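1. only geometry, no sequence info:
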């Protein structure tokens, strides 16, 4: 029992370990899936808003060209130029406007650094007739950097001057604020990593408005990522990565802006980025905890239940060992389903085929009863129907070796409805067994185990008396050349031949027939033809006779001498002229003489209806 309990505990531990490891593996998979989704989401949002901001910048370029067309010609210079620029600036969306030509410079701010603007590559391209945007931030006023857009202003088809629109970092930051999650930080940088703008709600600080300074402050383990970002910014690449910045886990995404090699960069803390997925992950964790708690609780229940089951099994095993030692079987019979549950020495009493069955149908068990005890069930049912609650009787049961043994069966009726019967089948006591054994010795031939001559005669007469209307055939079988076996091969070989003949006759005939050895080499059989074979009984008789001839035809040798042995058979039928053993024997003996005289190794049948018939 202790060994079984340990095996059960080991199985439970292994089972729970597999379940827990499976949950851990899935948690790792789910965590990685969330991480990948967070990265994908960050990249997608960055690219979408880069497109939005690019569209706004393109609109500003269009607006600048429109203002340039408005002030083209001499209209601007016939009035107050600076005042006209201020009017145009108020509706253009630019923070500052500046117009420069050969005759002078006009702007909407007195302290505007015109020299810085004029030295910018965008200004030079516009002067040559191409509208352009500065690739880097321009310091238009001391301490104020801006994005500058330049467009040529024509007069009479020729470039008269250059109109410059300036958008400061604060205004770019307002564009970046848009309608996005305020927990995200958006930064627009130029191709020299100068910060062109940052959304106003940001708590992110970039010293000197230089993104490169930020990358330089990456810790040692993020150095490689910083170098990869620098290389990607130069090559126009894009990516999203997770990094640690002063102990805080963040996600950084960068995407090319599409104007002058600018980049839109997004920052968000890792906790905020994965917040949409936390309910899923936390729900899984809660489910895992609940499952583990349920498993622990189930383990206690199962272990307790297993202890009870193991204790019952041990008790049943002790009881089964007791039953086997006593050569007995306990049974439970359900009168409704006709199912019988067996425990104890099942294999020893009923055979191996019943040993591992949980239940057996009653009709299957009845096949094991001796034919003369088949009526036992009907008698028992009548007793129970008459109100008797218990019973005891002695019956004969065929054991696995094919022999019938005496057993005492007892039982008691359970329940008010009388459906269940519980009882015991036990081998009879040794005294009865000895009595039966002595009786069998007195009734059987010691060499072959068949009925002896006296018992054969009594048994045949008893069967005929019990069933006087039955159909019977009586065989006398005499071995041909048996004397030569004894004379040439020895009496030991003769005994061997007789035993083999007896075994073969048992195989040919059934337990309902009577088989006996009635002389030295002479055997007799009473064939009890089943009622359902009455119409073809002659065929059955001949089949059995042929089987005897074929089976007993054999050659025996000691190495030097050989003797052929066969059988001559005479068969008589039970009828009005042959009503008992004596008359049947006499008729069959006469037919046997005919078989011997006409060549041996054959059978002949004679009855008052068909006359002589044989082979």
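-> Yep, it's here. Everything quoted here is computed from the prediction, not taken from an experiment.
2. all contacts plus neighbour counts: C-alpha atoms, from now on.
-> Will do.
3. tell me what whichever strand or helix holds residue 53 is packed against?
-> Using DSSP states H and E, residue 53 sits within helix 2-70. On a contact count with 3 or more C-alpha pairs under 8 Å, 6 or more residues apart in numbering; DSSP states H and E, helix 2-70 meets helix 81-92, strand 144-155, strand 158-168, strand 239-245, strand 248-256, strand 263-269, helix 278-325.
4. Could you identify the helix or strand that succeeds the third one?
-> Right, strand 158-168. Moving toward the C-terminus from strand 158-168, the next helix or strand (DSSP H and E) is helix 169-177.
5. Same check on the first one?
-> Heading C-terminal from helix 81-92, the first helix or strand you meet, by DSSP H and E, is strand 96-101.
6. So for that following strand, mean pLDDT?
-> Average pLDDT, strand 96-101: 84.
7. one step back: can you add mean neighbour count and give the helices and strands packed on helix 2-70 back as TSV?
-> Compiled in TSV, these are given as follows (neighbours: other C-alpha atoms under 10 Å):
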stretch	mean neighbour count
helix 81-92	17
strand 144-155	24
strand 158-168	23
strand 239-245	18
strand 248-256	21
strand 263-269	24
helix 278-325	14
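8. The ones you listed: lowest mean pLDDT?
-> Among the helices and strands packed on helix 2-70, helix 278-325 carries the lowest mean pLDDT (a mean of 66).
9. wait, doesn't residue 393 sit right on residue 406?
-> No - between residue 393 and residue 406 there is no contact under C-alpha atoms under 8 Å: 10.4 Å.
10. neighbour-wise, which of the two wins?
-> residue 406 (18 against 12; other C-alpha atoms under 10 Å).
11. isn't the more buried one right next to residue 395, touching?
-> Yes - using C-alpha under 8 Å, residue 406 is in contact with residue 395, at 5.7 Å.
12. what domains does the record give for this protein?
-> For the chain, automatic domain parsing gives the domain ranges 31-270, 326-434, 444-614.
13. Between the helices and strands packed on helix 2-70, which one is closest to residue 560.
-> The closest of those to residue 560 is helix 278-325. By C-alpha to C-alpha, the value is 51.2 Å.
14. hmm, back to that, let's have the helices and strands packed on helix 2-70 in TSV, adding distance to residue 132.
-> Shown next, in TSV, are the helices and strands packed on helix 2-70 (distance: least, C-alpha to C-alpha, whole Å):
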stretch	distance to residue 132
helix 81-92	17
strand 144-155	5
strand 158-168	10
strand 239-245	28
strand 248-256	18
strand 263-269	17
helix 278-325	46
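15. Mind listing residues that contact stretch 83-103?
-> For stretch 83-103, the external contacting residues (C-alpha atoms under 8 Å, 6 or more residues apart in numbering) are 60, 63-64, 67, 76, 105-109, 160-168, 171.
16. what's the span of it, first residue to last?
-> Counting by C-alpha to C-alpha, to the nearest Å, you get 17 Å between the two ends of stretch 83-103.
17. pLDDT weak spots in the stretch 301-450 of the chain?
-> Residue ranges of the stretch 301-450 of the chain with pLDDT under 70: 302-326, 415-418, 429-442.
18. Also the stretch 51-200 of the chain?
-> Residues of the stretch 51-200 of the chain that meet the criterion pLDDT under 70 lie in 72-80, 178-182, 200.
19. Pairing partners for residue 360 in the sheet, please.
-> As for beta bridges, residue 360 partners with residue 340 under DSSP bridges.
20. I misspoke; the intended subject was residue 328.
-> Beta-bridge partners, per DSSP bridges, of residue 328: residue 426.
21. Is it in contact with residue 423, as I believe?
-> No - contact between residue 328 and residue 423 fails when scored by C-alpha under 8 Å: they sit 10.6 Å apart.
22. Just want to know which of those two has more residues nearby.
-> The neighbour comparison of residue 328 against residue 423 (other C-alpha under 10 Å) goes to residue 328, with 25 against 18.
23. what's the angle from the helix holding residue 53 to strand 239-245?
-> 110 degrees (axes from the mean of the first three to the mean of the last three C-alpha atoms, to 10 degrees).
24. all numbers from here: first residue = 616
-> Happy to do that; since the first residue is 616 now, the last one works out to helix 617-685.
25. what distance separates helix 617-685 from the middle of the whole chain?
-> 32 Å (C-alpha atoms, centre = their mean, to the nearest Å).
26. again, but for stretch 1117-1134
-> How far stretch 1117-1134 lies from its chain's middle: 55 Å, per C-alpha atoms, centre = their mean.
27. That one: which residues count as buried?
-> Neighbour-count burial for stretch 1117-1134, counted by 16 or more other C-alpha atoms under 10 Å, picks out 1117, 1120, 1124, 1128-1133.
28. same question, stretch 1175-1186
-> Buried, per 16+ other C-alpha under 10 Å, within stretch 1175-1186: 1178, 1180-1186.
29. Now the two most distant members of those.
-> Across the buried residues of stretch 1175-1186, no pair lies farther apart than 1178 and 1186, at 25.9 Å, counting by C-alpha to C-alpha.
30. quick one on the thing from earlier: return the subset of the buried residues of stretch 1117-1134 lying in strands.
-> 1129-1132 (DSSP state E).
31. now the helix holding residue 668 and strand 759-770, what's the angle there?
-> Between helix 617-685 and strand 759-770, the angle formed by their directions is 40 degrees, by the same axes, to 10 degrees.
32. Tell me what angle helix 617-685 forms with helix 784-792.
-> Using the same axes, to 10 degrees, helix 617-685 lies at 130 degrees relative to helix 784-792.
33. what angle sits between helix 617-685 and strand 863-871?
-> Taking the same axes, to 10 degrees, one finds that helix 617-685 is oriented at 40 degrees with respect to strand 863-871.
34. relative orientation of helix 617-685 and strand 711-716 in degrees?
-> Using the same axes, to 10 degrees: helix 617-685 against strand 711-716 is 40 degrees.
35. got the contact list for stretch 1091-1108?
-> Identification of contacts with stretch 1091-1108 by C-alpha under 8 Å, 6+ apart yields 1109, 1136-1140, 1171-1173, 1176, 1178-1186, 1200, 1203-1204, 1207, 1215-1216.
36. change it to 7 Å
-> Contact with stretch 1091-1108 is made by 1109, 1136-1140, 1173, 1178, 1180-1186, 1203-1204, 1207, 1215, as judged by C-alpha atoms under 7 Å, 6 or more residues apart in numbering.
37. and what of stretch 1124-1132?
-> Under C-alpha under 7 Å, 6+ apart, the answer for stretch 1124-1132 is 1060, 1065-1068, 1071, 1075, 1138-1143.
38. and if you look at stretch 1186-1202?
-> With C-alpha under 7 Å, 6+ apart as the test, stretch 1186-1202 has contacts from 1072, 1075-1076, 1086-1091, 1203, 1206, 1219-1222.
39. Now do the helices in the stretch 966-1115 of the chain.
-> Along the stretch 966-1115 of the chain, counting by DSSP state H, counting those that start in this stretch, helices occupy 977-981, 991-1000, 1045-1058, 1068-1081, 1097-1099, 1106-1123.
40. Quick one: mean pLDDT over the longest one.
-> I take that to be helix 1106-1123. The pLDDT scores in helix 1106-1123 average 94.
41. That one: how far from the chain's middle?
-> Per C-alpha atoms, centre = their mean, the centroid offset for helix 1106-1123 relative to its chain is 57 Å.
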